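Enquirer: just the structure for this:
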Amino acid sequence: MMESLYLIAAIGKNGELGKNNQLIWHLKEDLKFFKEKTMGHDIVMGYQTFCSLPKILPGRKHIVLTHREMNLPKEVVICHSLQDLKEYLEMQEKECFVIGGASIYEQMLPECNKLYLTRIEASDPFADAYFPKFDEDDYDIHLLGEHEENKIHYKHLEYVRKKV
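Expert: Here you go, the predicted structure:
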């Protein structure tokens, strides 16, 4: 597990992350929370998540984990395996956020010391991407804030992995 590797996600009642490679809910305060947490840090994502971004997010180094050979903008770091990614991150020695998608979350969850989850009190039966199941008892959970937008209630939570 890497001390400075964090995961950030917004998930619905049933673990929904997205559909058709897009976010399901666009909540202003949650997008602001994401920006505040990730600004100035490296962000790790899969290729599909990278493609879903409207543009390169300012103030953050983008790292794409993919097995594909591809041409991405020169400022984007490409890692072709989990091992490559781990070696790259260990050399960087700075905080890094895993931002999706579902398969990247599943691969990286065991490596992350801290999770920032937005728990959305809503569900979407048409979701096609889900957050991996995990045992909340393995974490100390702290409420960072509660919000309501468009009649949708949600909480920002910090999960800190308990030392074993």
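Enquirer: the chain: helices as residue ranges?
Expert: 28-38, 47-52, 82-92, 102-108 (DSSP state H).
Enquirer: okay if I get those as CSV plus distance to Ile152 and mean neighbour count?
Expert: Quick note: C-beta positions are derived from backbone N, CA and C, even for glycine. Formatted as CSV, the helices of the chain follow (distance: least, Cβ to Cβ, whole Å; neighbours: other Cβ atoms under 10 Å):
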stretch, distance to Ile152, mean neighbour count
helix 28-38, 10, 16
helix 47-52, 21, 18
helix 82-92, 33, 14
helix 102-108, 21, 19
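Enquirer: pretty sure Arg119 contacts Asn14?
Expert: No. The pair Arg119 / Asn14 is not scored as a contact, 11.4 Å apart, by Cβ atoms under 8 Å.
Enquirer: which of the two has more neighbours?
Expert: Arg119 (16 against 12; other Cβ atoms under 10 Å).
Enquirer: okay, now the unreliable bits of this protein?
Expert: The model of the chain has pLDDT under 70 over residues 1.
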